[in-house]
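Q: Sequence isn't available, so here's the structure alone:
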Ligand SMILES: [Zn+2]
């Protein structure tokens, strides 16, 4: 963990703290509207589906599929040491979408990575306070 | 219902900065000023005749007032709507509405951006580095941790989804880059005019694109726009003033704007842009449709941007956008010319390219595309109706205008 050399996010204690608290415990937490029952991501204080301000946090399944991906050949900071790596947008089972870096893929062979593949969330401890979610291909 | 503002205003002049491409001796403001000088001269007006300033970038501090201050004028209308490279096309919409309301007669839409050289000066002598994003901002928490490095690294996700969904090949997109180099070959100002102006200059082949360095798969280097220094400006005038000036008016028949998202974190459908909406608004105002268009200026930040936009504008069926560049139609001499200056891929792209779409469309429809210093034989097309579409942000915002030549 001391050698985590990628950007480490900072929790917003007024809005996103439950997300990062969950991540620390290995749970994927999503904001859900208590009026229309839809989840959204990134977290907001307003529901982008119905404009309600009544938001609760729920634990998600951590299951999803690859909506799309790209293989990065150019990056900065700690990520520069990882090229090529594969970034992806994940369709989470609960209905929202999240950017991530994929694990369990061969980034030197983009053709081997398949849109629609099942993925599962996992967390890497980056600091005492922050664990960063990543998604791993499980099929 | 309010009256339809169609044809209430016209583009009456256009200009670029004196030099385009790599201009380390000029700041963004200087590029703005040169472009405005040249556009005003083209229109036959004095800079102090300008009553409204539309500008989105390249000005330290306040945008349009900062530019007006530099020019030494005090306009009665300011607009710095900041929506990425589509802003300039949207400004035509805004200027049309204000002119139709009788608020002013003459406006300038301007852009100057030291996109290549300015970045190499950043931080020096200012006592500060680039502005830091708020750590609580969504992008800081949910994008920055994942190593994306600028526009190519995000647009590539959209291109991959499109290729997957419609079974379209990288070759089909590479063809777009090939055709823009052909147009650049007719434009002596184009950065990629020839192998003499740049090692990657035209002509190029599909294989050249596919064999160029991968930036963010599926995007290769030659799928990606240039990063350059340039200025551009157009003068917009009311119908009455336009008819009194030296150039044939290029009429604003229709205009529209739309958005689908701001950051790609919230992009719903990677295979579409809001150009389907902004163009529908512009076509409706014009009383015209895609089949009435005779040429197109389409923002080509990436081959993908141009390809998907072609179908969003109704120029090609869904899932077949890149085929606009297959065959000879979009090429020099073809029956539906596209990006006749060489586009952001081959002419010049400073960061926000949209301004140059308007400069070129004005010249094509005013019939000045081959005037001395502007072009080479073969560049002027016969088109009388053009659709112009700017795309800004991360495929986020679009502005569309339909322009018609004076009859
Ligand atoms: Zn809701």
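A: Looks like it came in fine. Here the structure is a predicted model, which means the values were calculated and not measured.

Q: Surely residue B:341 and residue B:347 touch.
A: Yes - with contact defined as CB atoms under 8 Å, residue B:341 counts as touching residue B:347 (4.6 Å). Yep, even glycine has a C-beta here, placed from its N, CA and C like the rest.

Q: Now the common contact residues for the two.
A: B:183-184, B:187, B:190, B:356 (CB atoms under 8 Å, 6 or more residues apart in numbering or on different chains).

Q: and stretch B:267-286, anywhere near chain A?
A: Yes - with CB under 8 Å from any CB of the partner chain as the criterion, chain A is reached by stretch B:267-286 at residue B:270.

Q: what about that stretch, average pLDDT?
A: Across stretch B:267-286, the average pLDDT comes to 98.

Q: so how far is it off the chain centroid?
A: Its chain's average C-alpha position is 16 Å from that of stretch B:267-286, according to CA atoms, centre = their mean, to the nearest Å.

Q: contacting residues around residue 41?
A: With no chain named, the answer covers chain A. Residue A:41 sits next to A:30-31, A:92, A:96-98, B:142, B:265 when contact means CB under 8 Å, 6+ apart.

Q: I was thinking of chain B, sorry if that wasn't clear
A: B:13, B:15.

Q: residues from chain A in reach of the ion?
A: Within chain A, the positions adjacent to the ion are A:33, A:35-36, A:47, A:49-50, A:52 by CB under 5 Å from the ion.

Q: Is there a quick ChimeraX command that grabs whichever of those are buried?
A: A single ChimeraX command is used to select the members of the residues of chain A next to the ion judged buried by 16 or more other CB atoms under 10 Å in any protein chain shown:
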select /A:33,47
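
Q: if we can go back for a sec, and which of the contacts of residue A:41 is nearest to residue A:81?
A: Using CB to CB, residue B:142 is the member of the contacts of residue A:41 that sits closest to residue A:81, with 22.1 Å.

Q: measure the nearest residue to that closest one once chain neighbours are set aside to residue B:153 for me?
A: Nearest non-adjacent residue to residue B:142, counting by CB to CB, 6 or more residues apart in numbering or on different chains: residue A:42, 4.7 Å away. Distance of residue A:42 to residue B:153, given as CB to CB, to the nearest Å: 18 Å.

Q: Mind listing the residues bridging to the closest residue to residue B:191 other than its chain neighbours?
A: Using CB to CB, 6+ apart and skipping the chain neighbours, the partner closest in space to residue B:191 is residue B:21 (4.6 Å). According to DSSP bridges, residue B:229 are recorded as the beta-bridge partners of residue B:21.

Q: any idea how far residue B:113 is from residue B:21?
A: For residue B:21, the distance to residue B:113 - CB to CB - is 12 Å.

Q: So for these two, which residues contact both of them?
A: Shared contacts of residue B:21 and residue B:113 (CB under 8 Å, 6+ apart): B:229-230.

Q: Only the buried residues of the helix or strand harbouring residue B:240, if you could.
A: Here residue B:240 sits within helix B:239-244, counting by DSSP states H and E. Going by neighbour count (16+ other CB under 10 Å), the buried part of helix B:239-244 is B:239, B:241-242.

Q: lowest confidence element among the helices and strands of chain B?
A: Here the helix or strand of chain B ranked lowest by mean pLDDT, DSSP states H and E is helix B:117-121, holding a mean of 83.

Q: Briefly note if that one comes near chain A.
A: No - counting by CB under 8 Å from any CB, chain A is not contacted by helix B:117-121; separation bottoms out at 14.0 Å.

Q: Over in chain B, which residue gets nearest the ion? Let me know.
A: Nearest to the ion, among the residues of chain B, is residue B:266, at 15.0 Å (CB to the ion).

Q: which residues does residue B:44 contact?
A: With contacts defined as CB under 8 Å, 6+ apart, the neighbours of residue B:44 are B:13, B:245-247.

Q: make it 6 Å
A: B:245-246 (CB atoms under 6 Å, 6 or more residues apart in numbering or on different chains).

Q: Please report how far it lies from chain A.
A: 47 Å (CB to the nearest CB, to the nearest Å).

Q: Which pLDDT value belongs to that residue?
A: Reported pLDDT for residue B:44: 98.

Q: which residues of the chain fall in strands?
A: No chain in the question, so chain A it is. A:29-33, A:55-59, A:63-72, A:85-92, A:97-103, A:118-125, A:131-137 (DSSP state E).

Q: Not quite, go with chain B.
A: Per DSSP E, chain B carries strands over the ranges B:9-16, B:52-55, B:77-79, B:106-114, B:214-217, B:219-220, B:229-238, B:250-259, B:295-298, B:385-392, B:397-405.

Q: Not counting its own residues, what contacts the last one?
A: Same thing as strand B:397-405. B:83-84, B:86, B:89-90, B:92, B:250-251, B:253-259, B:273-275, B:278-279, B:282, B:286, B:288, B:361, B:365, B:384-391.

Q: Can you give the strand pairings for it, parallel or anti for each?
A: Neighbouring strands of strand B:397-405 in its sheet, by DSSP bridges, are strand B:250-259 (antiparallel), strand B:385-392 (antiparallel).

Q: Throw those strands into CSV and include distance to residue A:104, thanks.
A: Shown next, in CSV, are these (distance: least, CB to CB, whole Å):
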stretch, distance to residue A:104
strand B:250-259, 35
strand B:385-392, 34
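
Q: Pick the most buried one from those strands.
A: Scoring these by mean neighbour count under mean count of other CB atoms under 10 Å in any protein chain shown gives strand B:385-392 as the most buried, with a mean of 28.

Q: roughly how far is it from the heart of the chain?
A: Taking CA atoms, centre = their mean, one finds strand B:385-392 lying 7 Å from the centre of the chain it belongs to.

Q: Then stretch B:173-182?
A: Mean-position distance between stretch B:173-182 and its chain equals 17 Å (CA atoms, centre = their mean).

Q: tell me which residues in it are buried?
A: B:173-182.

Q: quick one on the thing from earlier: run the chain-centre distance for the least confident helix or strand of chain B.
A: Between the centre of helix B:117-121 and the centre of its chain there are 22 Å (CA atoms, centre = their mean).

Q: what residues does chain A put near chain B?
A: Selection of chain A residues close to chain B by CB under 6 Å from any CB of the partner chain yields A:7, A:9-10, A:12, A:42, A:68, A:70-76, A:79, A:87, A:99, A:101, A:110, A:115, A:132.

Q: Which pLDDT value goes with residue A:91?
A: Residue A:91 is assigned 98 on the pLDDT scale.

Q: Setting the sequence-adjacent residues aside, check what's closest to it.
A: Leaving aside its chain neighbours, residue A:91 sits nearest to residue A:67 (4.6 Å; criterion: CB to CB, 6+ apart).

Q: Please report how far that neighbour lies from residue A:106.
A: Residue A:67 is 19 Å from residue A:106, by CB to CB.

Q: which residues in chain B form helices?
A: Secondary structure of chain B (DSSP state H): helices located at B:28-43, B:64-71, B:87-100, B:117-121, B:138-142, B:151-166, B:170-184, B:206-211, B:239-244, B:275-286, B:303-312, B:343-346, B:354-366.

Q: Please identify the most buried of these.
A: helix B:343-346 (a mean of 31).

Q: average model confidence for that helix?
A: Taken as a whole, helix B:343-346 has a mean pLDDT of 98.

Q: Fine by me, we can end here.
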